[in-house]
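Engineer: how would this look folded up:
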Amino acid sequence: MLSMVKKLLVLLSFSIVISQTYSLNEAVQVALENKETLKASVMDLQTSKQNVKNLIVLFYRL
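Structural biologist: You can find the predicted model right below:
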């Protein structure tokens, strides 16, 4: 029963978020902010992959 209540609350919260309306300028601003966040995440991922490669090289040198 508790699980069902949690699911219902999640669904209701999504419907509230989805029902928000944006002006064109607001939508563009949100998209630009998300684009910057996405670029930063991609750069973080690339850095992490390079760090792993560097550690593997160091490990095999020892």
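Engineer: Around R61, count how many other residues there are.
Structural biologist: By other CB atoms under 10 Å, the residues close to R61 number 6. Any C-beta I mention is one placed from the backbone N, CA and C, and that applies to glycine too.
Engineer: So that it lines up with my notes, have the first residue be 16 from now on.
Structural biologist: All set: I'll call the first residue 16, so the last point we hit is now R76.
Engineer: any idea how far it is from L70?
Structural biologist: Using CB to CB, to the nearest Å, we find R76 at a distance of 11 Å from L70.
Engineer: shaky segments in this protein?
Structural biologist: 16-17, 29-34 (pLDDT under 70).
Engineer: for this protein, which residue is closest to the average position?
Structural biologist: By CA atoms, centre = their mean, the chain has its centre lying nearest to L53, at 7.4 Å.
Engineer: Pull out the buried positions in the helix or strand harbouring L53.
Structural biologist: Element membership of L53 [criterion: DSSP states H and E] is helix 39-76. Under the neighbour-count criterion of 16 or more other CB atoms under 10 Å, helix 39-76 has nothing buried.
Engineer: Show me what it packs onto, helices and strands only.
Structural biologist: Contacts defined by 3 or more CB pairs under 8 Å, 6 or more residues apart in numbering; DSSP states H and E place helix 39-76 against no helix or strand at all.
Engineer: Distance from that helix to the middle of the chain?
Structural biologist: 11 Å (CA atoms, centre = their mean, to the nearest Å).
Engineer: go on, stretch 19-39?
Structural biologist: 18 Å.
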